[in-house]
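Engineer: Test case, fold it:
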Amino acid sequence: MQFRQKALSKLQSPEELDVPVRFARPQGRLVLAVTVVVMAAASFWALTGTVSSKVSAPGILTRAEGSYLLQSPVAGQVTDVLVEEGRPVSAGTPLLTVRTDQGDRPVRAVADGRVTTLFARMGSVVTTGADVATVERVTHPDDPLVAMLYLPGDGASAIRVGASVDLSVQSVPRDRYGVLRGRVKAVGRAPQTQAQIGNFLGDSGLAAQFSRQGNPVAVLVTLERSSATRSGYTWSSTDGPPNSVDSGTPVTGAVHLSAQRPVDWLLP
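Structural biologist: Residues are numbered from 1 along each chain as shown. Next up is the predicted model:
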């Protein structure tokens, strides 16, 4: 009965013209305004903004010309070591003396550089072709260091020459001194074998480490120079570490890839 009375009342005034119009509450208007602003900002960013990504890879600080393994041309006992690690040498400089059946024979450097590692010690016995030292090729003493990164082939394809690189140096606390700044100078055209990496770095152990996931592509990174830091290179911190960085120091590089507009990957 009550439902019937309500229905009859509705038929008598279908338009409800006598009911006052209700406007939205202030809280509702505020929510609507905020929603409109957020949507407008998101649309503007999607059309004009950019999204950048990074790809990380292990590497090492070295010289642009790399290093070479010096091997003994004769077999015998080392009777004299004539150089120390870290010393610069010229091509033809004797590094050690080996006593053979035909007398004492010198083992000489084959190119200008700096001795980074000595494997032969006084009194040790070497065979023909044995590794006796690693020599870093250095044409000029003031030549700057570079970073050589080794990336999987599919990761290197997105890297462009000139891209900025952040280098975390293993021997430098990142939370205190930040990262080294650099830029990509060259990207290898083809993956390198373990033997090729070992020949360039003069270290078969590092070559095996960089090749654990297959033959990688080499990426050459130049370091940004700075006269305001002790190391002579630019860091994300103002002064950088209080000491210099040496060749042979492991690094991890984060390469900044080309920026993309959000609409490019939101709407493939």
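Engineer: now the helices: where do they sit in this protein?
Structural biologist: Assigned by DSSP state H, the helices in the chain fall at 2-12, 26-48, 153-156, 174-177, 194-201, 204-210, 262-266.
Engineer: where among those is the average confidence lowest?
Structural biologist: Across the helices of the chain, helix 262-266 has the smallest mean pLDDT, namely a mean of 47.
Engineer: and R108, bridged to which residues?
Structural biologist: P94 (DSSP bridges).
Engineer: can you check the one 5 residues further on too?
Structural biologist: Applying DSSP bridges to G113 yields these beta-bridge partners: V89, R137.
Engineer: what about it, distance to G92?
Structural biologist: 12 Å (C-beta to C-beta, to the nearest Å). All C-beta spots, glycine's among them, are computed from the backbone N, C-alpha and C.
Engineer: Compare those two (neighbour count), which wins?
Structural biologist: Counted by other C-beta atoms under 10 Å, G113 and G92 do not tie: G113 has more neighbours, with 25 against 11.
Engineer: what's in contact with stretch 114-121?
Structural biologist: With contacts defined as C-beta atoms under 8 Å, 6 or more residues apart in numbering, stretch 114-121 is touched by 67, 72, 78, 81, 83-89, 95-96, 107, 126, 130-136, 138, 202, 247-248.
Engineer: Of those residues, grab the buried ones for PyMOL.
Structural biologist: Burial among the contacts of stretch 114-121 is assessed by 16 or more other C-beta atoms under 10 Å; the matching PyMOL selection reads:
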select buried, resi 67+72+78+81+83+89+95+96+107+126+130+132+133+134+135+136+138+202+247+248
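Engineer: show me where pLDDT drops low in the stretch 51-200 of the chain?
Structural biologist: 51-52 (pLDDT under 70).
Engineer: ok, now with 50
Structural biologist: For the stretch 51-200 of the chain, the stretches with pLDDT under 50 are 51.
Engineer: can you give me the strands for it?
Structural biologist: 54-62, 67-71, 76-81, 88-89, 94-100, 103-108, 113-118, 125-126, 131-137, 146-151, 164-169, 180-187 (DSSP state E, counting those that start in this stretch).
Engineer: Against which helices or strands is the longest one packed?
Structural biologist: Right, the one you point to is strand 54-62. strand 146-151, strand 164-169, helix 204-210, strand 217-223, strand 250-256 (3 or more C-beta pairs under 8 Å, 6 or more residues apart in numbering; DSSP states H and E).
Engineer: Out of these, indicate the one that is most buried.
Structural biologist: strand 146-151 (a mean of 25; mean count of other C-beta atoms under 10 Å).
Engineer: Tell me which strands that strand pairs with, and in which orientation.
Structural biologist: Strand 146-151 pairs in its sheet with strand 54-62 (antiparallel), strand 217-223 (antiparallel), by DSSP bridges.
Engineer: Reformat those as CSV; add distance to V187.
Structural biologist: Shown next, in CSV, are these (distance: least, C-beta to C-beta, whole Å):
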stretch, distance to V187
strand 54-62, 12
strand 217-223, 5
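Engineer: Nearest to G182, out of those strands?
Structural biologist: Proximity to G182 (C-beta to C-beta) singles out strand 217-223 among the strands paired with strand 146-151, at 4.3 Å.
Engineer: Check what contacts stretch 224-241 and list those residues.
Structural biologist: With contact meaning C-beta under 8 Å, 6+ apart, stretch 224-241 is reached by 144-145, 166, 172, 176-183, 223, 242-245.
Engineer: And it, end to end?
Structural biologist: The first and final residues of stretch 224-241 sit 15 Å from each other (C-alpha to C-alpha, to the nearest Å).
Engineer: Would you mark the buried spots in that stretch?
Structural biologist: Neighbour counts over stretch 224-241 (16+ other C-beta under 10 Å) mark T229, S231, G232, Y233, T234, W235, G240, P241 as buried.
Engineer: residues in contact with the closest residue to G253 other than its chain neighbours?
Structural biologist: Ranked by C-beta to C-beta, 6 or more residues apart in numbering and with sequence neighbours excluded, the top spatial neighbour of G253 is L149, at 4.5 Å. L149 sits next to A57, P58, G59, V165, A218, V219, V221, V251, G253, V255 when contact means C-beta under 8 Å, 6+ apart.
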